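Novice: Pasting the sequence and the predicted coordinates here, then a few questions.
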Amino acid sequence: EETTMMGSSMITLLSIVLFFLERRAQAGYVSQPLASKKKRYDYIVVGGGVAGCIVASRLSEDPSVSVLLLEAGGKTQSAVGGDDWVGRGVTRTDEPYIAYTAFEYMDDYYWDVDVSIGKGLGGGGAVNGMRWVRALEYDFERWNVTGWNYTTMLPYFIRTENNTGNSTQNSPWHGYDGPVEVSDPVYQSTESTYFVESAMAKGLPYIEDFNGDPKSRIGTGYHQYNIRSGIRDSPATAYLAPALSRSNLHVIIYAQATKILFQDKTAVGVDFIMNGDMSNTTSANANKEVILACGTINTPKLLLLSGVGNKTDLSSFPDIELVADLPGVGYHFMDHPMIYFSWDVKKQVDDSISSYNYWQQQYDQFKTGILATIDRSGLFVNSGQHPGLPSNIPDIQVEVQDGAGYIVYNVSPDSRNGTVKLRSSNPLDSPIIDDPVWPQNIEENDIKSLVWAISEIQAILEMSPMSSVVGARTTPPASYSDEEVYKYVHKHVQSGNHLVGTCRMGLGDDVHDVVDPELRVIGLAQLRIADASIIPQITNGNQQANIMATAERAVDFIKATNQHN
């Protein structure tokens with residue numbers, strides 16, 4: 001027994017040593033060796049997430065320019081062609097998430113609330129649910145920004161995708177030679193199919209393509225996903241990986257930008273540190289532009305650390321010199337409220353968990369089966385709980401999970417005024433986040449719509465064939481009164497991690513606008529933002545497809561400004 005324990009301890013120790021050796025080996029990883037320790041580039045892209053991978057890849061297509069991409073995290077498995085079954089829902093990395101957590105007290109109840117973002121090449125695209133959902137025409141109308149509408153964005157949606165779906169071929173809405181493979185689920189569980197049939201029996205129309213008609217998507221059907229042959233096709237694999245051999249693109253991982261460098265009102269570079277070591281700062285200079293793609297949390301954080309933001313807020317940090325008073329930086333934070341409901345399974349119609357070895361074999365040999373996809377069907381409906389929302393625009397999105405579980409999002413929330421602020425002037429300190437959908441902030445109509453969703457799902461489950469599969473509701477318990485259900489939803493609502501809006505785009509006629517319609521930071525030169533933080537109003541559904549299209553458009557703006565191919 002003692003020998004066994006010693007062997008186990010040695011294995012554990014060896015694992016720890018290997019982990020740190022691997023991290024050390026990855027630190028400073030570049031696509032091409034920096035033999036000359038080059039410190040000047042035409043473009044510096046800060047953040048290797050969804051937008052950053054696209055911007056860096058597209059800009060480096062022009063061999064006459066040099067591009068530096070800085071990523072605070074490491075290499076996600078998908079970024080280097082790793083073979084990770086998508087049924088996990090997460091691509092393995094050594095640290096795939098940053099989770100910002102707060103403990104809130106409400107009605108004699110402590111609740112742990114958080115938001116999570118991807119960390120590593122691919123960012124949120126390396127860890128998200130991969131559902132491919134575009135903004136609707138109505139979403140862009142609410143943005144009310146000149147030049148941004150469904151017509152102008154459609155070419156960028158098309159540019160991103162190589163759509164292989166059976167029902168989406170020869171469609172004017174889709175692309176077929178883009179970098180990202182968008183595919184139908186390769187496996188549909190019986191329960192998932194039953195749910196669609198029952199929703200149709202309840203009266204919901206069948207939607208063949210959730211990204212077809214841009215005017216509405218109310219109905220039930222099957223999602224598409226950015227999955228290629230059973231493997232997550234993140235922006236890191238689709239855009240960045242093919243570009244890594246270019247001599248004009250350098251990618252440095254575990255490199256956290258700590259400050260944007262300015263000469264007067266012009267961005268000329270960034271300071272960054274390696275592996276969180278604040279004692280050793282490196283500066284890189286940009287001849288043409290600095291492009292921020294750190295995401296909805298970290299883009300405003302970096303701006304604030306650099307002296308760009310609300311003058312009153314920044315006055316609390318005397319060691320940060322004010323560069324530009326932009327009151328909107330870190331404000332107008334938006335998210336989708338999310339909650340999970342479940343019912344008892346009285347009849348097992350799928351044999352997924354108990355046949356794990358079989359499904360693993362299917363995946364290993366053919367990249368098919370339940371491990372090659374995730375939840376497959378769902379619906380969009382209008383709850384009627386948001387006055388002023390057109391009846392053809394959904395405010396509820398339901399994603400079907402195996403085992404009679406349902407993830408429900410409010411996709412047209414009234415809760416829209418969260419914030420991201422500095423905790424200190426230390427770049428290593430997490431920001432102070434106040435998510436508008438957390439229990440202490442969420443608007444009443446958003447709670448009501450989620451409560452309404454319970455009754456809608458219940459009505460669907462009472463229809464055949466789902467009525468033969470599920471029993472009583474388990475969360476919240478079926479015995480709860482209406483008042484108890486409302487309180488349950490209020491206390492258990494959480495972030496859908498669809499985070500947008502903290503550096504919103506506008507025409508410059510509102511003091512809280514941060515970027516103009518070409519994504520240039522207002523009042524500053526050579527500084528642009530290309531990520532989800534610029535979205536002025538949260539869109540209807542998952543965010544990834546919209547961020548990708550926005551990044552593609554940002555590249556066109558950059559190229560036009562700097563007049564190169």
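Specialist: Right, received. Where do you want to start?
Novice: And what about the spatially most central residue of the chain, helix, strand or coil?
Specialist: In the chain, the residue lying closest to the centroid (CA atoms, centre = their mean) is residue 124, at 4.4 Å. Residue 124 carries the three-state label helix when classified by DSSP: H, G, I helix; E, B strand; the rest coil.
Novice: Surely it and residue 51 touch.
Specialist: No: judged on CB atoms under 8 Å, residue 124 makes no contact with residue 51 at a distance of 9.7 Å. For glycine as for every other residue, the C-beta is placed from the backbone atoms N, C-alpha and C.
Novice: if I look at those two, which residues touch both of them?
Specialist: Between them, residue 124 and residue 51 share these contacting residues under CB atoms under 8 Å, 6 or more residues apart in numbering: residue 295.
Novice: Please name the nearest non-neighbouring residue to residue 520.
Specialist: The shortest distance from residue 520 to any non-neighbouring residue, by CB to CB, 6 or more residues apart in numbering, is to residue 528 (5.4 Å).
Novice: any idea what that neighbour is structurally, helix, strand or coil?
Specialist: Applying three-state DSSP: residue 528 is strand.
Novice: end to end, how far does stretch 538-549 reach?
Specialist: With CA to CA, to the nearest Å as the measure, stretch 538-549 spans 15 Å from end to end.
Novice: Which elements pack onto the longest strand along the chain?
Specialist: As assigned by DSSP state E, the longest strand anywhere in the chain is strand 281-292. In terms of contacts (3 or more CB pairs under 8 Å, 6 or more residues apart in numbering; DSSP states H and E), strand 281-292 is packed against strand 40-46, strand 255-263, strand 266-274, helix 295-305, strand 527-529, helix 544-562.
Novice: Output the ones you listed as CSV; include the columns mean pLDDT.
Specialist: Shown next, in CSV, are the helices and strands packed on strand 281-292 (pLDDT from 0 to 100):
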stretch, mean pLDDT
strand 40-46, 97
strand 255-263, 97
strand 266-274, 96
helix 295-305, 97
strand 527-529, 98
helix 544-562, 97
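Novice: Put together CSV for those, with mean neighbour count and distance to residue 458 on each row.
Specialist: Shown next, in CSV, are the helices and strands packed on strand 281-292 (neighbours: other CB atoms under 10 Å; distance: least, CB to CB, whole Å):
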stretch, mean neighbour count, distance to residue 458
strand 40-46, 25, 47
strand 255-263, 20, 47
strand 266-274, 20, 52
helix 295-305, 26, 34
strand 527-529, 26, 43
helix 544-562, 22, 30
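Novice: Pull up the gap between the residue nearest to residue 520 and residue 280, please.
Specialist: With distances taken as CB to CB, to the nearest Å, residue 528 is found 28 Å from residue 280.
Novice: Residue 498 and residue 52: what is the separation?
Specialist: 18 Å.
Novice: Could you do residue 63 as well?
Specialist: Residue 63 is 20 Å from residue 52, by CB to CB.
Novice: And for residue 525?
Specialist: Note on residue 525: its distance to residue 52, by CB to CB, is 21 Å.
Novice: Pretty sure residue 57 sits in a helix.
Specialist: Yes: checked against three-state DSSP, residue 57 lies within a helix.
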